[in-house]
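K.L.:
Got a sequence here, can you build the structure:
(chains A and B)
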Number of protein chains: 2
Amino acid sequence: MHELIRRLQKGLPSDAVVTDPDILRSYTNDMAGFCPAGTPAAVVLPHAVEQVQHTMRTAHALRVPVVPQGARTGLSGAANATDGCILLSLTRMDRILEINPVDRIAVVEPGVINARLSHAVAEHGLSYPPDPSSWEMCTIGGNIGTGSGGLCCVKYGVTAEYVLGLDVVLADGRLLSTGRRTAKGVAGYDLTRLIVGSEGSLGIVVRATLALRAQPPQQLALAAEFPSAAAACDAVCRIMEAGHTPALLELMDRTTLRAVNELTKMGLPETTEALLLAAFDTPDPAPQLRAVGDLCAAAGASEVVPAEDAAESELLLQGRRAALTALDAVKGTSMIDDVCVPRSRLADMLEGTAGIAARYGLTIGVCAHAGDGNTHPTVCFDAADEDETRRARESFDAIMELGLQLGGTITGEHGVGLLKKDWLARELGDVGLELHRAVKAAFDPRGILNPGKLF
Amino acid sequence: MHELIRRLQKGLPSDAVVTDPDILRSYTNDMAGFCPAGTPAAVVLPHAVEQVQHTMRTAHALRVPVVPQGARTGLSGAANATDGCILLSLTRMDRILEINPVDRIAVVEPGVINARLSHAVAEHGLSYPPDPSSWEMCTIGGNIGTGSGGLCCVKYGVTAEYVLGLDVVLADGRLLSTGRRTAKGVAGYDLTRLIVGSEGSLGIVVRATLALRAQPPQQLALAAEFPSAAAACDAVCRIMEAGHTPALLELMDRTTLRAVNELTKMGLPETTEALLLAAFDTPDPAPQLRAVGDLCAAAGASEVVPAEDAAESELLLQGRRAALTALDAVKGTSMIDDVCVPRSRLADMLEGTAGIAARYGLTIGVCAHAGDGNTHPTVCFDAADEDETRRARESFDAIMELGLQLGGTITGEHGVGLLKKDWLARELGDVGLELHRAVKAAFDPRGILNPGKLF
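P.N.:
So this is what the prediction gives:
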């Protein structure tokens, strides 16, 4: 351990190597529940690429595990410490290096906060669409590591679709450049996409070239109340089948609505079984909103409320954004799941989740990026109650089981980390898992990059 | 050889193994120039996944190279035979297995022709955007192998963005399933994207789950004539900087315009140095076309001609689609390049290409997916003239050199194959190339999948 610290310090500024146990403790985990965290040997906070390379060369020579970290807002334990590891926090590498409106790209360091980038590109009339709920805290490096999504995905897709090229420090400290600055390119294997979502297991992202879009008009939303979750899901199917492409299409169930009211006093309709929010950001959204409203009514909506203007739309969305915090407050602790199913199976997913809640005697609120079939069943429980905690964990697994049965995936946007490791093996199957291991070995033969995560 | 044929025949229908030398000869190459083709041992034409697995198991056991083929419309020699290989043609596996309008996906076999899929999904009000020029002949499997683009990419992106999941027969005959049917998913490494564009070097795609979009309104185009290529490129930059997202933004230079007139008698303006075509497929494209017309005028356009309706727009685009055939006819042979540069460097790319044409005493016509910065400088030459042929080859290399100098890539959408192998090594650099080899070895340790291509 002494040897590790001594060698790290040789190539790093004095403030970049932290060994104080109290500070170390504050870095040991992300925001996932049910995930163990070990005791790290050090936190390293590099300012520059060469310092990351020095860290990796040192770790490689001494075979010390390295866990990369952004803002640690992740929900799967991918950033949790393993015993004796280096926690490599990229938060100090936070420069926006370039914004180019003609090429519609930004070049950034990994520690840039998502919201900061969004505001910076907006000044050039551009938008960086990926908008995870944690966008005011989370880093672009973390978004790349987990392949983050958000509310916008039904129209604009996920983080992966906005990463054109990467600079990556490899396990042995060498620098790899992947991808391109150009709008298109097919030269060689798509190592960029391989690294996006790899949760720090293939290399340390130290620079990213991101695609931007022209800023769309402000979005206009409507809210529709439904007497059952099934009717709301039917509306989602009708909307997508009719060829609409809303900028967001979100669902909240009654449990979530009540929790949000409790927290925010917003006065959302509590007798409603499911609320659907749809928004369009086209130059003239009114006809689309009308058509979507009609489809909701045809699917059995008891009420359809279009927003008058962008401000009223934003208010509607605030309720949705408060959902996780609100559900967390219901019983003190919550576990958010992230199962994504084909949208045609959304109703089955919600019905099955209600069944699981009943079977385990638990409160499970569901909010969903309904347009993507990406559900976030959130198990509310009292962590001081051992039996309830055990049931919460079991119901969480039952939800993933259900998702796979419905042709879905165990994670739409939160990643695997520690939380869903066993489930990933099941989703991938033996052949898939073996290839994952082979690819991992090609990048990291000594297995020092975020070991024990993913698989 | 006898042993190979005997073992292949044991698991395949009699019509699936072809050894007739005349037929073999007709399969040995794709549409690339300057690429050698060897003599295959057999052509195998499987009807089913199990037959592909049998072929790969046999090849793996006997260490025989396998070259997968679609319609052989590729432009880089990736489908060319190597001596003694099995040419594995997927053209008979051509079923559209599913079109699902709610989930907006199609599930297809690799031999489905791009246009057939496009027409089939259109009947459901859906669109499969990737539209390579060869779309009426090329297969989805081939599109996936090369990561094809087309005219639509400036708005809708490339093939890779529409591939959600794949079934892949591995080098040893095992079946790998990658990806998902869902709109989103981040479970494990993105092996789907790794395989897209890998030119048959990692596995044989036998089934693909593709994302579809709602069908957009018919597009409306305008044509703008410019006194110089630089002015046309300036217009492209202004259009993108102003935040427009045209459904296509194409450029043809004077050489191309003349060649198209010669072939089609369309009467395109020959005194114009560059013609720009822009189209929008929004519900109300008129204001956007007006704004783009104004930007063209501001950049120095001598004439801006908006189409009256969709039929007139289609006529404008026919000229663009005829470009390659037309340039081919100029001197009997042509070599199309595929360099993509940041769009802010488009003018430098065109000016540099004109300089290369002058230096080598050659006719080089340029058409370009200008909105993407993806240029197709096309060298016209007489293949019977040895010196001209040598100069054509050298100018082709000079064009790639220029593209890399401008921060571009050697291939925007055609792939590497045999044609650009040496250049890929240069673009990737030593570390990148080493990782490519390691990934290849992870999938294909015996090196039997399309050996000698890519790197």
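
K.L.:
got a pLDDT number for residue A:1?
P.N.:
Reported pLDDT at residue A:1 in the predicted model: 71.

K.L.:
scratch that, residue A:76
P.N.:
96.

K.L.:
ok, now residue A:348?
P.N.:
98.

K.L.:
what do you get for residue A:313?
P.N.:
87.

K.L.:
To what extent is it buried, counted in neighbours?
P.N.:
23 (other CB atoms under 10 Å in any protein chain shown). Where you see a C-beta, it was placed from the backbone N, CA and C, and this is true even at glycine.

K.L.:
so who does it touch?
P.N.:
Residues in contact with residue A:313, defined by CB atoms under 8 Å, 6 or more residues apart in numbering or on different chains, are A:218, A:219, A:220, A:221, A:279, A:307.

K.L.:
which of the residues you listed has the most neighbours?
P.N.:
residue A:279 (29 neighbours).

K.L.:
Going C-terminal from the helix or strand that residue falls within, what's the next secondary structure element?
P.N.:
Using DSSP states H and E, residue A:279 falls within strand A:274-280. Remark: after strand A:274-280, the chain's next helix or strand is helix A:286-298, criterion DSSP H and E.

K.L.:
now the angle between strand A:274-280 and that following helix, please.
P.N.:
Helix A:286-298 and strand A:274-280 are oriented at 160 degrees to each other (axes from the mean of the first three to the mean of the last three CA atoms, to 10 degrees).

K.L.:
residue boundaries of the helices in the stretch 301-450 of chain A?
P.N.:
For the stretch 301-450 of chain A, applying DSSP state H, counting those that start in this stretch gives helices covering A:310-321, A:323-331, A:346-360, A:386-405, A:421-443.

K.L.:
Could you give the number of residues near residue A:445?
P.N.:
12.

K.L.:
What of residue A:29?
P.N.:
Using other CB under 10 Å, the number of residues around residue A:29 comes to 20.

K.L.:
hang on, it in a strand?
P.N.:
No: Residue A:29: not assigned to a strand; according to DSSP: H, G, I helix; E, B strand; the rest coil it is coil.

K.L.:
quick one: contacts for it?
P.N.:
Contacts of residue A:29 by CB under 8 Å, 6+ apart are A:35, A:37, A:72, A:77, A:79, A:80, A:81.

K.L.:
For these, which single residue is the most surrounded?
P.N.:
That'd be residue A:79 among the contacts of residue A:29, by other CB under 10 Å, with 33 neighbours.

K.L.:
measure residue A:180 to residue B:410 for me?
P.N.:
Distance, residue A:180 to residue B:410, by CB to CB, to the nearest Å: 10 Å.

K.L.:
what touches both of those two?
P.N.:
residue A:187.

K.L.:
what about these two, which has more around it?
P.N.:
Counted by other CB under 10 Å, residue A:180 and residue B:410 do not tie: residue B:410 has more neighbours, with 28 against 23.

K.L.:
who's in contact with that one?
P.N.:
A:187, B:338, B:339, B:400, B:403, B:404, B:416, B:420, B:423, B:424, B:426, B:427.

K.L.:
For my notes, confirm residue A:120 occurs in a strand.
P.N.:
No: using three-state DSSP, the assignment for residue A:120 is helix, not a strand.

K.L.:
Select the helix or strand of chain A having the lowest average pLDDT value.
P.N.:
Least confident helix or strand of chain A, by mean pLDDT, DSSP states H and E, is helix A:310-321 with a mean of 88.
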